[in-house]
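Visitor: The amino acid sequence is not available; the structure is as follows:
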């Protein structure tokens, strides 16, 4: 989910560890789902995909308990199988979707997303009585805590805990989590502005007039701040039980489960938290009595276990172990797996960035967009079952107020329009340009690169391909003085708004930064600042979509890339399994065991 201060760790695992909720750069080095599928024609998914609906809930929507999935049963033990243990348990250190997802089992925040029905979500109060009250033209946000919310030891969760949680985010040992609220309370260099609460200094613009009321006074308007507070990184930590660095290993639960045992890199077992009251929680169903998490299994092993569906694996599933290329066609074509199959397109944005410092002629950039071989790339990656073809910078799955457009006719001419590209090149300052295309040197990307090279050279463009080491790929392309004209990169929204995408990928230009195109247009930057500070969130969302199209029309800094579709299985005795469309991971909130 990610922005501004994204750690390099966040780019390491997109296919096996989809980062989130977006919150992190994608990873071209990971093998796309359909890489090994060549020629076979899979049957369409039995679960047709519709983009999620995300709206703002009311105080009534914020009351518990959670709306149960169809056929829900309580009790039993469910097993979650995956490759990697969790790097962080301290909410302040969480910025990837696997850890955010696990956090739903043990942590709670001020706000969160309530599942109303499949694909239908509302932002509601979690610990708070509602999704917050905004005033002062978007600068001031007030929340009131619910009655009866407690820590696992029975002590009440208070406004002092909330204030402490936000202040400790400034501490030097917090190195990985989100930074929105910290910057809004101080400035972009928030660590220099405030050292954290451990020396006794408080932030005066977080007010706690009583034990249940918390008021945030930001330096500028942030109409979508209540969405930011729904991030796992802002889940609440108890002031009285904060052990600083040690908290990352032994967190205190406010959610429905507590950690019973944790064998690092092997397993976690969760038991019910007797202090959690479902009447206060509109988000978490917490239907199983026990959760067992098993680590150390690769995607192929997990998929084979779930296909076999034998014994204990009937009550097993995986948060994020995508069906590997070797099994994709089998899983998609086997009718006996239809009711255990889940599919969802990625909520992240993937792009082929132009280096605007080198490829200065917009006509050339437009020509490349028209010539882009989307359909051929899709076929190379496994077909429509493995890859979709978006046409906008913002992702339809994670943008409230999304409006589609198809500026370069990708939908109507997915194979590319070579004649249109040639026309634009003829109008440019260099009808036969040479471009350097840098790519991540993996078997899949070798194939994709050949497809791109062949298509562009039909227009008269000479393509010089430059393979890069997969371990240092992002390090190479994120250098401002790189020697490449075109390269792939990805980004994910932290909440369903362009405010967590556009100001990042078109923001500050720096080595290691996310403005891969080096777009440096004063008008665009001014417009992004204006939209970010709009007090009307609906108007802001509409403005982000309009800016999306304007940037492509007036500058054309990128080609919108193909979008992976994730396919997962679950055991036959697992109910309520759904891929969260924002986090791109199976949510624990609706999981239950069929008795």
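Guide: Arrived safely. What you are looking at is a predicted structure, and each value in this text was computed from that prediction instead of being measured.
Visitor: and the residue nearest to residue 89 when sequence neighbours are not counted, helix, strand or coil?
Guide: With CB to CB, 6 or more residues apart in numbering as the criterion, residue 89 has its nearest non-adjacent residue at 4.8 Å, and that residue is residue 251. The way it works is simple: take the backbone N, C-alpha and C, and place the C-beta from them, glycine included. At residue 251, secondary structure determined by DSSP: H, G, I helix; E, B strand; the rest coil is coil.
Visitor: any idea where the strands of the stretch 351-500 of the chain begin and end?
Guide: For the stretch 351-500 of the chain, strands defined by DSSP state E, counting those that start in this stretch occupy the ranges 387-388, 434-440, 462-468, 486-491.
Visitor: what about the helices in the stretch 1-150 of the chain?
Guide: For the stretch 1-150 of the chain, the helices defined by DSSP state H, counting those that start in this stretch occupy 97-106.
Visitor: For the protein, give me the ranges with low pLDDT.
Guide: Segments of the chain classed as low confidence (criterion: pLDDT under 70) are 1-49.
Visitor: So which residue of it lies furthest out from the middle?
Guide: Residue farthest from the centre of the chain, counting by CA atoms, centre = their mean, is residue 426 at 40.3 Å.
Visitor: ok, back up a step: ok, and which of the strands of the stretch 351-500 of the chain has the densest surroundings?
Guide: Among those, the stretch with the highest mean neighbour count (mean count of other CB atoms under 10 Å) is strand 486-491, at a mean of 26.
Visitor: Mind listing residues that contact whichever helix or strand comes after that one?
Guide: The first helix or strand that comes after strand 486-491 along the chain, using DSSP states H and E, is helix 502-505. The list of residues contacting helix 502-505 from outside it, by CB atoms under 8 Å, 6 or more residues apart in numbering, reads 2-4, 349, 351, 393-394, 489, 491, 514-517, 528, 532, 544, 547-548, 551.
Visitor: Show me what the helix or strand just after helix 502-505 packs onto, helices and strands only.
Guide: Next along the chain after helix 502-505, taking DSSP H and E as the criterion, comes helix 522-532. The criterion is 3 or more CB pairs under 8 Å, 6 or more residues apart in numbering; DSSP states H and E, and the helices and strands that helix 522-532 contacts are helix 502-505, helix 537-554.
Visitor: most packed of those helices?
Guide: The densest packing among the helices and strands packed on helix 522-532, expressed as mean neighbour count by mean count of other CB under 10 Å, is seen in helix 502-505 with a mean of 22.
Visitor: Pull the distance from that one to the chain's centre.
Guide: Between the mean C-alpha point of helix 502-505 and the mean C-alpha point of its chain there is a distance of 14 Å (CA atoms, centre = their mean, to the nearest Å).
Visitor: Please apply the same query to stretch 376-387.
Guide: Per CA atoms, centre = their mean, the displacement of stretch 376-387 from the mean C-alpha position of its chain is 22 Å.
Visitor: Start and end of it, how far apart?
Guide: Between the start and the finish of stretch 376-387 there is a gap of 11 Å, counting by CA to CA, to the nearest Å.
Visitor: who does the helix or strand containing residue 329 touch, helix- and strand-wise?
Guide: In this assignment (DSSP H and E), residue 329 forms part of helix 325-333. Using 3+ CB pairs under 8 Å, 6+ apart as the contact test, the elements touching helix 325-333 are helix 299-308, strand 563-569.
Visitor: So what touches the shortest one?
Guide: Going back to what we said before, that points to strand 563-569. Contacting residues not belonging to strand 563-569 are listed as 15, 18, 32-33, 303, 306-307, 317-318, 320-323, 328, 331-332, 337, 340-346, 348, 350, 381, 385-390, 395, 579, 584, 586 [CB under 8 Å, 6+ apart].
Visitor: Quickly run through the sheet partners of the following helix or strand past it, with directions.
Guide: Toward the C-terminus, strand 563-569 is succeeded by strand 574-575 as the next helix or strand (DSSP H and E). Each strand that pairs with strand 574-575, with its direction, by DSSP bridges: strand 592-593 (antiparallel).
Visitor: quick one: contacts of the partner strand?
Guide: Strand 592-593 has contacts (CB under 8 Å, 6+ apart) with 69, 72-78, 285, 287-288, 315, 573-576.
Visitor: Using neighbour counts, give me the buried entries of the residues you listed.
Guide: Buried positions within the contacts of strand 592-593, assessed by neighbour count (16 or more other CB atoms under 10 Å), are 69, 72, 76, 78, 285, 287, 288, 315, 573, 574, 575, 576.
Visitor: Wait, the fifth one touches residue 78, no?
Guide: No - counting by CB atoms under 8 Å, no contact exists between residue 285 and residue 78, whose distance comes to 11.8 Å.
Visitor: who touches both of those two?
Guide: When CB under 8 Å, 6+ apart defines a contact, the residues bordering residue 285 and residue 78 alike are 591, 592.
Visitor: Let me have the helices and strands packed on helix 325-333 in TSV, extended by mean neighbour count and distance to residue 369.
Guide: Formatted as TSV, the helices and strands packed on helix 325-333 follow (neighbours: other CB atoms under 10 Å; distance: least, CB to CB, whole Å):
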stretch	mean neighbour count	distance to residue 369
helix 299-308	19	34
strand 563-569	24	16
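Visitor: looking at those, which is closest to residue 52?
Guide: Distances from residue 52 to each of the helices and strands packed on helix 325-333 were compared by CB to CB, and the smallest falls on strand 563-569, at 14.6 Å.
Visitor: What strands line up against the closest one, and which way round?
Guide: Here the strand partners of strand 563-569, with direction, are listed using DSSP bridges: strand 341-345 (antiparallel), strand 387-388 (antiparallel).
Visitor: That concludes my questions; thank you for your assistance.
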